[in-house]
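A.B. asks: next come a sequence and a model predicted from it.
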Amino acid sequence: MTNKKIKVPTGETLGYKSFFPYFSLLKPYWVPFVGALFCGLIYGVSSGFGLPFMVDQVFPRIFPDQGAGSPTLSNFELFYLIAWFPTVFVIRGTSGYFNSYLINYCGLRVLEKIRLQVFSKVQRLPVSFFQKNQEGDLLSRITSDTSQLQSALLGVSNDLVRQPVTFVGALVALVIMAIQREGMSFILLCLVVIPICVFPIRRVGELLMRRALGMQKKVGSMTAVLSENLSAYREVRAFNLESREEERLRQSSEDFLQARMKVVKYAHILTPLIEILTAVGISFAIFQAAKSSIRLDAVVPVITALYIAYDPIKKLGGINNKIKEALASLQRLNEILDAKETVKQEASLSSFPIIQKGIEFKSVSFTYESFHEDKKANPALHELNLSIKAGESIALVGPSGAGKSTLINMLCRFQDPTSGNILIDGTDIKEFSLKDLRESISLVPQKPFLFDVSVEENIAIGKSKYTKDSIEEAAKASNALEFIDELPMKLQARLGEKATRVSGGQLQRLALARAFYRNSPILILDEATSALDSENEEKIQDAMKVLIQGKTTIMIAHRFSSVRLADRILVMDGGKVVADGKHDDIYDSSSIYRKLYDQQISP
């Protein structure tokens, strides 16, 4: 797959030009694409010109007038003339088949690249993007919208070359026959219907695109409801929410149905409109031919060519509708592709250093984007200054919303500071590549995520250039090996979706095993023991004592039992460090720390 970035139109309703940037994705497949165009050209000529030509030139020779002097055809001549029919249809059918196959091949390849580019873009977007968008809606865009785009484009791709060429071929045949026949030039007036057809095609297309965009949004909302329900299956049962959830989905499904029917209405109204207009044109031609006393054998080829010229217009109207549906999906995909990557690769250093001095936060401020346009959000970090020595362990404590998790996000570059700098050994972390920076950090979150693969693969995810121990040694160091050995397939046992086959304590120990295996010089423990029972907490505490040795460690601690592992305790409030020191020192000097400590320790 090419990694070439595509510039796409932004901030406005998309038009046909929106597809132009994606033509660059066709470069690797230009041979089959040109082949598809060539086959479509042959199909169009054989349909638009070949069929009227046979009716006009071949039929009269096979069925000549019975008057005197009519030539009698030999068997060879008759066979030659009749052979035109299978020959034209073989050419038409073969070229149509290869046109369909090759254009579908190219289309599927390009659309697969678009899907992968959207997914790749999602991997690079900051945490704030996921906080603003529903998981189900994003899932719908990557799956449903790409499928809708694929279905629409493949539905029109076969006719996109055929019908215009068919139209031109029929038009040429019609003009030639109208000029050759005396008194038939009036037939060209019937072509006035064609530009008239443009008006309903454009108007219906505009309406259809708006309805299709609304429909895809409803699909995203319904997917979000489903995703949320399947993720919260315990809460649904615990709080007797089954009826409520059924009503939510019923309402969301009803909204989607209404939106879908609006799309159906506009998608299918165009064909009868164009058929009525073309029927008027053909009726006019028949009326004029009858008034001019033109013979039937002279009229039939012309009417046939006229009908063949009208038919592509009807199909091109359907193509326009399908493209409008595709544009609605493309617009939703472009909203992801156009999303701003606030955390960018600005690396200028070739490798990450061995930490000797430490980590420093210099006047770091950060404000989350407000969900209300008329209300400015309060800063999560405000002029934060903090120094952590290499190999030192610090514990961050403070009330909810004090900025502890935001500080961690800044260090990992999940988001970048609004102002200020973060330095490692005196070098701004933006100077390092994201890969090197994040590889140097082991993160153990409060709610670790384990994939539905084996225990061994889940631990192996932590592999880095700092890895020394084996997976089994890492599992043993984290006190996870004892329960792993009890699993039916030990390290090869699958954990289920969202690790539903292990307990919370076991899940946390596997997360620690991943950190042991990673062995990065910077360790972040984000409330790693906050939701554990005393037995599991003790086991994890023992593992953490070993894990932090020789590492620069930042612990976010709600349980003060973890705080004793730290060399320093930092109290945060309002996005600032308001106290720094040992327990005995800050207990007396910091009312915030004293209150938090007493609330947890007091019986």
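C.D. replies: Received the coordinates, thanks.

A.B. asks: name the helices or strands packed onto the helix or strand where Gly107 lies?
C.D. replies: Assessed by DSSP states H and E, Gly107 sits inside helix 84-124. Applying 3 or more CB pairs under 8 Å, 6 or more residues apart in numbering; DSSP states H and E, we find helix 84-124 packed against helix 30-45, helix 146-180, helix 296-337. (Each C-beta comes from the backbone N, C-alpha and C, glycine too.)

A.B. asks: in CSV, list the ones you listed along with mean pLDDT and mean neighbour count.
C.D. replies: Shown next, in CSV, are the helices and strands packed on helix 84-124 (pLDDT from 0 to 100; neighbours: other CB atoms under 10 Å):
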stretch, mean pLDDT, mean neighbour count
helix 30-45, 84, 19
helix 146-180, 74, 20
helix 296-337, 77, 21
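
A.B. asks: what is the strand or helix carrying Ile459 packed up against?
C.D. replies: For Ile459, the host element (DSSP H and E) is helix 455-460. Identification of packing neighbours for helix 455-460 by 3+ CB pairs under 8 Å, 6+ apart yields helix 471-477, helix 504-518.

A.B. asks: most tightly packed of those helices?
C.D. replies: helix 504-518 (a mean of 25; mean count of other CB atoms under 10 Å).

A.B. asks: centroid residue for the protein?
C.D. replies: Ile142 (3.0 Å; CA atoms, centre = their mean).

A.B. asks: quick one, what contacts that residue?
C.D. replies: Arg115, Val118, Phe119, Val122 (CB atoms under 8 Å, 6 or more residues apart in numbering).

A.B. asks: ditto for Leu596
C.D. replies: For Leu596, the contact set (CB under 8 Å, 6+ apart) comprises Val397, Gly398, Pro399, Phe560.

A.B. asks: and it, how close does it get to Arg559?
C.D. replies: 11 Å (CB to CB, to the nearest Å).

A.B. asks: who's in contact with Ile586?
C.D. replies: So Ile586 contacts Ile569, Val571, Ala579, Asp580, Tyr593 (CB under 8 Å, 6+ apart).

A.B. asks: repeat the analysis, applying 10 Å as the threshold.
C.D. replies: Val397, Arg568, Ile569, Leu570, Val571, Val578, Ala579, Asp580, Ile592, Tyr593, Arg594, Tyr597 (CB atoms under 10 Å, 6 or more residues apart in numbering).

A.B. asks: now Gly581: phi and psi?
C.D. replies: phi 160, psi -160 (degrees, to the nearest 10).

A.B. asks: touching, it and Ala395? I think so.
C.D. replies: No. Taking contacts as CB atoms under 10 Å, Gly581 lies outside contact range of Ala395: 11.2 Å.

A.B. asks: find the residues that touch each one of those two.
C.D. replies: Arg568, Ile569, Leu570, Val571.

A.B. asks: in space, what's closest to the second one - neighbours in sequence excluded?
C.D. replies: When you say that, I think you mean Ile569. Ala395 (4.9 Å; CB to CB, 6 or more residues apart in numbering).

A.B. asks: list the buried residues of stretch 86-96.
C.D. replies: Val88, Ile91, Arg92, Ser95, Gly96 (16 or more other CB atoms under 10 Å).

A.B. asks: contacts for that stretch, please.
C.D. replies: 38-47, 49-51, 53-54, 58, 158, 162.

A.B. asks: now a PyMOL select for only the buried ones of the shared contacts of Gly581 and Ala395.
C.D. replies: The following PyMOL line selects those of the shared contacts of Gly581 and Ala395 that are buried, judged by 16+ other CB under 10 Å:
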select buried, resi 568+569+570+571
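
A.B. asks: tell me how far Lys576 lies from Ile176.
C.D. replies: 85 Å.

A.B. asks: one more: Ile336?
C.D. replies: 52 Å.

A.B. asks: name the residues contacting each of Leu596 and Arg559.
C.D. replies: With CB under 10 Å, 6+ apart as the test, Leu596 and Arg559 both reach Val397.

A.B. asks: all set now, cheers.
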